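Trainee: only geometry, no sequence info:
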């Protein structure tokens, strides 16, 4: 599927020739996002640079019933930006302007193409930061974060994207420009801003975002609990929370992950440990050490062999690098991995982790774990060889059994990666028919012709008929039976 | 006018389905603690029926280890808070009206003073059950604290003011109670505290809440809430003293300030608004408008003018909101006061809600100040989700300039 001549001509008229791309290299580049299991080339890629240009191309595509997808940095891990119906990709990278910083109201207004970490870098000198910090924050964009309602290690205390976005400007499927939210919370009426956050680009394309700024903590104490069993580490998590302490972060790595990060990054984690628990407390410097002593005591009471405290910023940075680049480190021990993102009630951690280990053993593949323990947000990494078709099939089976376990224990399919293509078929396992129909009814309001990011979030019976530009049947069936390919990007969460 | 009430979700669903089938409008009420006439239509219009959810009030689940709870809509906030308090937890929403139901605070997206530090309902709601415009029971979200599985219909229903469906149960993540909650209090005879609060804000000191309240003799009581272990609290007290001098009194939670009824007993904010109405001897149809605005707009607001016109005010300056109250009950006079407030708020993002007013007043009087941005989209969404038009809520019926 390629641009019809007249459509291409219109796009060039609106954007200029250099911002309309449909050459083979571009189409190959944009065939997938961070989830490389599924690939499909777009019809073309458009690069609007202003809101007016964005509105014009959306109106054009809407008029011709051509489906389209907004894309940020392409770091998403659930296939939310895969143009599976040969959709046009609207690349938002040029929307990288910082519009306004307002210190008294603690807000920053930015374009959706601004990289997450840039926001913090922009205001760090004034003593503020943008709190949601997905591990891909060096690459992912704030627009993508809003689309996926991204999290990160520090969301335990500070919350996820929806808690830190105050307002957006958004282009609807027919090109209408709307504003939602304001420079403060507490607006009357239904929380449409909350609704569109995490809607995976199926309700509109965001063109401007007002983010909340959070004061930097005066001090952070980062501790590393070392354990002889994963179960003990889980007990420590429950104990800390049970004592009314909400750390800034509570992150766990199991033995396999420890081995991988030690090989790749050498943070000094003991290779004979079964688990390490990263606990970070932050706040005013006064009283923080007292709280840290309480936490240290709790860790030891629940089975930590030793508890090490980062002595300075260098040691702290080393620990966090090991955590945030853990996915990439897996390349040291496996040719490829497939990561899941299920969430379970925190109290179920020990039994679900035991189940995950048993599922891996049953299928003969290793499953490593690095996850947001305080939130119960698991990231099992299923290690396999992409050149071995049997292992590919097994990896799929393990992933499905893990999701099934999460649902069975009262959890959910995704904590921060979204549903995308990857888990769309699983939605009917999680929600009743009524509840799913109701979600689709809301989609039908924002996106009545299903032109915006089709084929995502919901199970797809007969989806080929959904848009004029639909994927040819043979391509659709290829998508339905995806070939799992290497996933060595190291895109972390 | 009649009221249907039941403790059975199935019976309620069946009643709603029959109303949808016959396209008969009705209003939803919880425990009837708020001014239904203003939220749901003019009180003089008695043609619509009511659905009361007050008997739908059981606890669906409470998992203290996971710090999550699910309750039915008719339960009062204070009942839920008492249950949570037994496990040293709380929902960071202060029951301004002590008897407000969970369903109503969610439908109105209420919050309280400690939203500044702990967030509001928006930050702790994790799941919802509601009856939609087809009469179906819908579940969204879940019981876990992080969830991006599908659309966030939970937040869509937050603040929906009864117009998009009937909220029958809500799941929350809850928080540990603050450690050693304290407050520093002082009396001010001018608005000098505004610049001091701004200075404190710039120092980025982590306070739990800041609240200024008019006294009966037109002074202000300023309270600054904080918590934490002893060294932490000492540091905060020191920072506050640097800005305010030695004029403030330190009190532990539960201790009243100078015999003032503005700082009530065991929980400073429980039923606070009802109590303050009594203290100020506000008549039943008194003027009470609630404004939300950005910090900068509040810190620069001309409070002195309103104080001199005998307004009573309750202010949360950071992030931020203002309650304007006046004894006057006359509609014409109330509308004049309303226009004064609109003029003074300046910024178009500032918003207003009625809390109490002459029965003839309506949401329409608030104009664009009464609705959020994207209002036209909201009206269209209402028509889409409630095609039979049975969920009566005047929020969606306003005629406004574009």
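Mentor: Great, that's in hand. A quick note: this is a predicted structure, and the numbers were derived from the prediction, not measured. Residues are numbered from 1 along each chain as shown, chains lettered A, B, ... in the order given.

Trainee: Just the element for residue A:237, please.
Mentor: helix A:230-242 (DSSP states H and E).

Trainee: how about residue A:378, what does it touch?
Mentor: Each residue near residue A:378 by C-beta atoms under 8 Å, 6 or more residues apart in numbering or on different chains is listed here: A:340-344, A:352-353, A:356, A:369, A:371, A:402, A:406, A:415. From N, CA and C alone the C-beta is placed, and that goes for glycine too.

Trainee: now the strands for the stretch 51-200 of chain A?
Mentor: A:68-71, A:88-91, A:98-102, A:107-110, A:128-129, A:165-171, A:177-181 (DSSP state E, counting those that start in this stretch).

Trainee: by contact count, what packs against the helix holding residue A:237?
Mentor: Here helix A:230-242 touches strand A:219-227, strand A:249-254, strand A:275-283, helix A:288-301, helix A:349-363, going by 3 or more C-beta pairs under 8 Å, 6 or more residues apart in numbering or on different chains; DSSP states H and E.

Trainee: As JSON lines, these with distance to chain B would be great.
Mentor: Shown next, in JSON lines, are these (distance: least, C-beta to the nearest C-beta, whole Å):
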{"stretch": "strand A:219-227", "distance to chain B": "11"}
{"stretch": "strand A:249-254", "distance to chain B": "12"}
{"stretch": "strand A:275-283", "distance to chain B": "6"}
{"stretch": "helix A:288-301", "distance to chain B": "5"}
{"stretch": "helix A:349-363", "distance to chain B": "10"}
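
Trainee: looking at the ones you listed, which is buried most?
Mentor: strand A:249-254 (a mean of 26; mean count of other C-beta atoms under 10 Å in any protein chain shown).

Trainee: Not counting its own residues, what contacts that one?
Mentor: A:153-154, A:156-157, A:230, A:233-234, A:237, A:240-241, A:261, A:269, A:274-280, A:322-323, A:326, A:353, A:368-374.

Trainee: at 6 Å instead, please
Mentor: A:153-154, A:156, A:230, A:233, A:237, A:275-280, A:323, A:369-371, A:373-374 (C-beta atoms under 6 Å, 6 or more residues apart in numbering or on different chains).

Trainee: on that earlier part again, now for the strands of the stretch 51-200 of chain A, which one comes closest to chain B?
Mentor: Proximity to chain B, assessed across these by C-beta to the nearest C-beta, is greatest for strand A:177-181 (4.5 Å).

Trainee: buried subset of the contacts of residue A:378?
Mentor: A:340-344, A:352-353, A:356, A:369, A:371, A:402, A:406, A:415 (16 or more other C-beta atoms under 10 Å in any protein chain shown).

Trainee: wait, residue B:55 sits on residue B:5?
Mentor: Yes: assessed by C-beta atoms under 6 Å, residue B:55 is found in contact with residue B:5 at 5.4 Å.

Trainee: Give the residues shared as contacts by these two.
Mentor: With C-beta under 6 Å, 6+ apart as the test, residue B:55 and residue B:5 reach no residue in common.

Trainee: picking up where we left off before, deepest in the core, which of the strands of the stretch 51-200 of chain A is it.
Mentor: When the strands of the stretch 51-200 of chain A are compared using mean count of other C-beta under 10 Å, strand A:68-71 is most buried, at a mean of 28.

Trainee: Just give me how far it sits from the chain centre.
Mentor: 16 Å (C-alpha atoms, centre = their mean, to the nearest Å).

Trainee: any idea how far the helix ranked longest in chain A is from the chain center?
Mentor: If you go by DSSP state H, chain A has its longest helix at helix A:389-408. Remark: helix A:389-408 is offset 20 Å from the chain centroid, using C-alpha atoms, centre = their mean.

Trainee: okay, now the nearest residue in space to residue A:80 that is not next to it in sequence: neighbour count?
Mentor: Leaving aside its sequence neighbours, residue A:80 sits nearest to residue A:420 (C-beta to C-beta, 6 or more residues apart in numbering or on different chains; 3.9 Å). By the criterion of other C-beta atoms under 10 Å in any protein chain shown, residue A:420 has 27 neighbours.

Trainee: Residue B:1 too?
Mentor: 10.

Trainee: quick one: it is in a strand?
Mentor: No: Residue B:1: not assigned to a strand; according to DSSP: H, G, I helix; E, B strand; the rest coil it is coil.

Trainee: if you skip the residues just before and after it, what's nearest to residue A:273?
Mentor: Using C-beta to C-beta, 6+ apart, the nearest residue to residue A:273 is residue A:226, at 4.8 Å.

Trainee: partners of the one you found in the sheet?
Mentor: residue A:276, residue A:306 (DSSP bridges).

Trainee: Isn't it up against residue A:272?
Mentor: No: under the criterion of C-beta under 6 Å, residue A:226 makes no contact with residue A:272, lying 9.1 Å away.

Trainee: Now do the helices in chain B.
Mentor: B:9-21, B:36-40, B:77-85, B:102-107, B:115-118, B:121-124, B:153-157, B:193-202, B:230-244, B:272-279, B:295-299, B:303-308, B:331-345, B:375-385.

Trainee: May I see those helices arranged in TSV, with mean neighbour count as well?
Mentor: Formatted as TSV, the helices of chain B follow (neighbours: other C-beta atoms under 10 Å in any protein chain shown):
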stretch	mean neighbour count
helix B:9-21	16
helix B:36-40	21
helix B:77-85	19
helix B:102-107	28
helix B:115-118	21
helix B:121-124	22
helix B:153-157	26
helix B:193-202	18
helix B:230-244	17
helix B:272-279	18
helix B:295-299	22
helix B:303-308	15
helix B:331-345	16
helix B:375-385	18
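
Trainee: low-scoring pLDDT stretches of the chain, where are they?
Mentor: Looking at chain A here, since you left the chain open. Along chain A, segments meeting pLDDT under 70 span A:461-493.

Trainee: wait, chain B
Mentor: B:31-47, B:95-98, B:256-271, B:402.

Trainee: Spatially, what comes nearest to the residue nearest to the spatial centre of chain B if we skip its sequence neighbours?
Mentor: Nearest residue to the geometric centre of chain B (C-alpha atoms, centre = their mean): residue B:110, 2.5 Å. In this structure, residue B:110 finds its nearest non-sequential neighbour in residue B:93, 6.3 Å apart by C-beta to C-beta, 6+ apart.

Trainee: which ones are touching that neighbour?
Mentor: Residue B:93 touches B:111-112, B:121, counting by C-beta under 6 Å, 6+ apart.

Trainee: follow-up on the earlier one: tabulate the helices and strands packed on helix A:230-242 (JSON lines), appending distance to residue B:12.
Mentor: Listed next are the helices and strands packed on helix A:230-242 as JSON lines, based on distance: least, C-beta to C-beta, whole Å:
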{"stretch": "strand A:219-227", "distance to residue B:12": "49"}
{"stretch": "strand A:249-254", "distance to residue B:12": "40"}
{"stretch": "strand A:275-283", "distance to residue B:12": "45"}
{"stretch": "helix A:288-301", "distance to residue B:12": "45"}
{"stretch": "helix A:349-363", "distance to residue B:12": "36"}
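
Trainee: what's the closest of the ones you listed to residue B:283?
Mentor: Nearest to residue B:283, of all these, is strand A:275-283, at 45.5 Å by C-beta to C-beta.

Trainee: so what does that closest one touch, helix or strand wise?
Mentor: strand A:219-227, helix A:230-242, strand A:249-254, helix A:288-301 (3 or more C-beta pairs under 6 Å, 6 or more residues apart in numbering or on different chains; DSSP states H and E).

Trainee: Quick one: residues in contact with the last one.
Mentor: Residues outside helix A:288-301 that contact it (C-beta under 6 Å, 6+ apart): A:219, A:221, A:225, A:236, A:239-240, A:279, A:281, A:307, B:229.

Trainee: Could you export those as TSV, including distance to residue B:249?
Mentor: TSV is the format used below for the contacts of helix A:288-301 (distance: C-beta to C-beta, whole Å):
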residue	distance to residue B:249
A:219	29
A:221	32
A:225	42
A:236	40
A:239	37
A:240	34
A:279	37
A:281	30
A:307	40
B:229	21
